[in-house]
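> got a predicted model here, sequence first, then my questions.
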Amino acid sequence: MNACIACGDDEYLNDASVRFHERMGFRFVGRFERCAYKFGRWYDMAWMQKPIGEHLQNQPAMRPFARFRDEICASAGIEI
């Protein structure tokens, strides 16, 4: 799982989101400088990641969501 978080230390942003993701098991893997524009200013972006599954040598093929969408939606009570 990946997280891309705008970083700054001003009246709009602080490091709360980065700290939250760290508590959730994410680790910092990189930073892009001045690539996020919001609130009329430029911010850095922190990239964080968290493994959520095994990385097998012979990884099974991906299953397209369309193949099990109806089953998931029905179990959640969602009509499509």
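Received, thanks.

> would you put the C-alpha positions of the worst-scoring helix or strand of the chain on mean pLDDT in PDB?
The helix or strand of the chain with the poorest confidence is helix 69-75; it has a mean of 87 (mean pLDDT, DSSP states H and E). Extracted C-alpha coordinates of helix 69-75, given in PDB (Å, rounded to 0.1, in the frame of the first residue of the first chain):
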ATOM      1  CA  ARG A  69     -17.200  -7.400  -8.200                       C
ATOM      2  CA  ASP A  70     -20.800  -8.800  -8.000                       C
ATOM      3  CA  GLU A  71     -19.900 -11.100  -5.100                       C
ATOM      4  CA  ILE A  72     -18.200  -8.300  -3.100                       C
ATOM      5  CA  CYS A  73     -21.000  -5.800  -3.800                       C
ATOM      6  CA  ALA A  74     -23.700  -8.300  -2.800                       C
ATOM      7  CA  SER A  75     -21.900  -9.100   0.500                       C
END
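
> in it, what's buried?
Judged by neighbour count (16 or more other CB atoms under 10 Å), helix 69-75 contains no buried residues. For every residue, glycine as well, the C-beta is placed using N, CA and C.

> got the buried residues for stretch 32-44?
Residues 36, 43 are the ones in stretch 32-44 that count as buried (16+ other CB under 10 Å).
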